[in-house]
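> generate a structure from the sequence data that follows.
(chains A, B and C)
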Amino acid sequence: MPFTLVLGGARSGKSSHAETLVQRAPAPWFYVATAQAHGAEHDAEMEERIAQHRARRGGDWVTIEAPHDLAGALGALPSGAPVLIDCLTLWLSNRMLADADPDLDSAILEAELLAHDGPVVAVSNEVGLGIVPDNALARRFRDAQGRLNQRLAALADEVALVVAGIPVKVK
Amino acid sequence: MPFTLVLGGARSGKSSHAETLVQRAPAPWFYVATAQAHGAEHDAEMEERIAQHRARRGGDWVTIEAPHDLAGALGALPSGAPVLIDCLTLWLSNRMLADADPDLDSAILEAELLAHDGPVVAVSNEVGLGIVPDNALARRFRDAQGRLNQRLAALADEVALVVAGIPVKVK
Amino acid sequence: MPFTLVLGGARSGKSSHAETLVQRAPAPWFYVATAQAHGAEHDAEMEERIAQHRARRGGDWVTIEAPHDLAGALGALPSGAPVLIDCLTLWLSNRMLADADPDLDSAILEAELLAHDGPVVAVSNEVGLGIVPDNALARRFRDAQGRLNQRLAALADEVALVVAGIPVKVK
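Sure thing, here's the model as predicted:
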């Protein structure tokens, strides 16, 4: 803590904004990456996206990969380290595809967020503003994402919704 | 009237926020429920969601079920009664599945909203911020929901968009 | 320039709001329409929507159809002319269905926007706030739309997000 939640849609510029926020603290900055290519169709897109994000960040970032054990990654950070979690949506998706209980996972994550004594910025997608998905798993995911965002927004010192690259203050 | 419109996505916390708003008036509070399990696939999810909402509200609420005749339910309320309509999206969905004319229904609803002399809070989904749905009925629904939200927002004294549990003032 | 970007979901009232903004300048107003019925299923819906938009605007509007060559249409406007582009989402969709490079097209469009010496209002959809689409083309479109919105929002003097007919200031 302090904890900032950065919400936004796909390609809204939320990661760039979150990087800017973390960089207000002195380097080195810790980047906890949750991305994991997990299906044949999405592989190439995801790898390209990861490479783009990595290229944009410079040499003062320490990257930690945590597609599943996000709480463990946070717990292993040096005291006071500024950290960017990018992003909670991919983490939640990885966890649900592994049949984890999203609410239990969220509770464990909250405890680690509260325990970390450096600034934390977490990126998460807002996914509930379209038509109800046909697919039952997509509906379950949408609900779990909404609950996670609510929990973390309640915990956060600041919440921003990024719209077309511009942060709108929510809290 | 006064009339407050609470917009938000799925699992955004809009119902909780709306309950808080209604409870600013003295009890008893009237809860007009529009939910109705209407298809085999969605039945269990919907019943669970209704049970959760009911459990969260306490004993000072009077529940009225109005999956179709929302205007009639509003018209039958005691004078001055504080009322929560939860939600317009399910009501609109029920009406369209019953082949009703959504614009005619909306006009009748508006007249009853204006006629009620107690505070009214209505919950509605924002559903137009995703990709165009493949399905023609989903597109028609999305359009009708957008038109309904515009009409009611024009009528409302206050409009809030709930993002991750936090109300953002729109009007 | 000055340049205003009006974002919103489907049926959010973004076109009406954008028309109001353009009409702050003296008539005649130029309406650059990008709509084009491009698939059997969508034809009738799109034609009806175009007819509705046209009926709402009065006789002081000059309509220019530019489903593809939007930059060319802007370049051909009289000096100082107030112009409404409605909308960038349909234009981007037309371009991607024609296998154009959306980023190259966006760069050309930006140059013309900067070169025009009258007020410009452009309407665009926010499409990234739902669940990830199953369809690869839809995902590519969603990404391209997000990038275009970010670029134009960075360029814009003002950005509004229209929610249920009400503009929320973003920039």
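> which stretches of chain A have low pLDDT?
Counting by pLDDT under 70, the ranges of chain A that qualify are A:1, A:37-43.
> which stretches of it form strands?
For chain A, the strands defined by DSSP state E occupy A:3-8, A:29-33, A:61-65, A:83-86, A:120-125, A:158-163, A:166-169.
> quick one: these as CSV, columns for distance to chain C and mean neighbour count too.
Yep, even glycine has a C-beta here, placed from its N, CA and C like the rest. Formatted as CSV, the strands of chain A follow (distance: least, Cβ to the nearest Cβ, whole Å; neighbours: other Cβ atoms under 10 Å in any protein chain shown):
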stretch, distance to chain C, mean neighbour count
strand A:3-8, 8, 26
strand A:29-33, 18, 21
strand A:61-65, 21, 16
strand A:83-86, 16, 26
strand A:120-125, 8, 26
strand A:158-163, 5, 24
strand A:166-169, 5, 18
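> mind putting the ones you listed into a markdown table with distance to residue A:111?
Shown next, in a markdown table, are these (distance: least, Cβ to Cβ, whole Å):
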| stretch | distance to residue A:111 |
| --- | --- |
| strand A:3-8 | 13 |
| strand A:29-33 | 16 |
| strand A:61-65 | 19 |
| strand A:83-86 | 15 |
| strand A:120-125 | 13 |
| strand A:158-163 | 20 |
| strand A:166-169 | 27 |
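> now those in CSV, with distance to chain B?
Listed next are these as CSV, based on distance: least, Cβ to the nearest Cβ, whole Å:
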stretch, distance to chain B
strand A:3-8, 6
strand A:29-33, 20
strand A:61-65, 25
strand A:83-86, 15
strand A:120-125, 8
strand A:158-163, 6
strand A:166-169, 8
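> quick one: closest of these to residue C:130.
The minimum distance between residue C:130 and the strands of chain A falls on strand A:120-125, with 9.8 Å, by Cβ to Cβ.
> all helices for chain A, in order.
All helices of chain A, identified by DSSP state H, fall at A:14-22, A:43-56, A:70-75, A:88-97, A:102-115, A:136-155.
> off-centre distance for the third one?
Relative to its chain's centre, helix A:70-75 lies at 13 Å (Cα atoms, centre = their mean, to the nearest Å).
> and the fourth one, by the same measure?
Here helix A:88-97 shows a centroid-to-chain-centroid distance of 10 Å under the convention Cα atoms, centre = their mean.
> now it against helix A:102-115, angle please.
140 degrees (axes from the mean of the first three to the mean of the last three Cα atoms, to 10 degrees).
> nearest spatial neighbour of the residue of chain A most remote from its centre, skipping sequence neighbours?
What lies farthest from the middle of chain A is residue A:134; by Cα atoms, centre = their mean that is 25.4 Å. Closest residue to residue A:134 in three dimensions, ignoring its sequence neighbours and counting by Cβ to Cβ, 6 or more residues apart in numbering or on different chains: residue B:135, at 7.7 Å.
> burial measure for that neighbour, as a count.
Counted with other Cβ atoms under 10 Å in any protein chain shown, residues neighbouring residue B:135 total 12.
> how close does it sit to chain C?
For residue B:135, the distance to chain C equals 10 Å [Cβ to the nearest Cβ, to the nearest Å].
> can you pull the phi/psi pair for that residue?
Dihedral pair for residue B:135: phi -80, psi 130, per degrees, to the nearest 10.
> quote the end-to-end distance of stretch A:85-105.
End-to-end distance of stretch A:85-105: 15 Å, with Cα to Cα, to the nearest Å as the criterion.
> ok, residue A:118 - contacts?
Contacts for residue A:118 (Cβ atoms under 8 Å, 6 or more residues apart in numbering or on different chains) come out as A:25, A:77, A:78, A:79, A:80, A:81, A:82, A:83.
> switch the cut-off to 7 Å
Residue A:118 sits next to A:80, A:81, A:82, A:83 when contact means Cβ atoms under 7 Å, 6 or more residues apart in numbering or on different chains.
> can you tell me the closest non-neighbouring residue to residue A:65?
In space, and not counting its chain neighbours, residue A:65 is closest to residue A:33: 5.2 Å by Cβ to Cβ, 6+ apart.
> state the distance from the residue nearest to residue A:83 when sequence neighbours are not counted to residue A:62.
Using Cβ to Cβ, 6+ apart and skipping the chain neighbours, the partner closest in space to residue A:83 is residue A:30 (4.3 Å). Residue A:30 sits 5 Å away from residue A:62 when distances are taken as Cβ to Cβ, to the nearest Å.
> now do residue A:12
25 Å.
> residues in chain A within reach of chain C, list them.
A:9-13, A:41, A:126-127, A:129-131, A:133, A:138, A:142, A:163-166, A:168 (Cβ under 7 Å from any Cβ of the partner chain).
> around chain B, pick out the residues from chain A.
That would be A:7, A:126, A:128-131, A:136, A:142-143, A:146-147, A:149-150, A:153-154, A:159, A:161, A:170-171, which are the residues of chain A within reach of chain B (Cβ under 7 Å from any Cβ).
> please repeat the previous calculation with a cut-off of 6 Å.
For chain A, the residues in contact with chain B (Cβ under 6 Å from any Cβ of the partner chain) are A:128-131, A:142-143, A:146-147, A:149-150, A:153, A:161, A:170-171.
> what's the farthest-apart pair in those residues?
The most widely separated members of the residues of chain A next to chain B are A:131 and A:171, with 27.3 Å between them, by Cβ to Cβ.
> okay, those two: which has more neighbours?
A count of neighbours by other Cβ under 10 Å puts residue A:131 above the other of residue A:131 and residue A:171, at 24 against 17.
> for residue A:141, see how far away the more buried one is.
Relative to residue A:141, and taking Cβ to Cβ, residue A:131 is found at 15 Å.
> what does residue A:50 give?
The gap separating residue A:50 from residue A:141 is 21 Å, by Cβ to Cβ.
> same deal with residue A:80?
Note on residue A:80: its distance to residue A:141, by Cβ to Cβ, is 34 Å.
> neighbour count: those two, which is higher?
residue A:141 (21 against 11).
> tell me the centre residue of chain A?
Nearest residue to the geometric centre of chain A (Cα atoms, centre = their mean): residue A:87, 2.3 Å.
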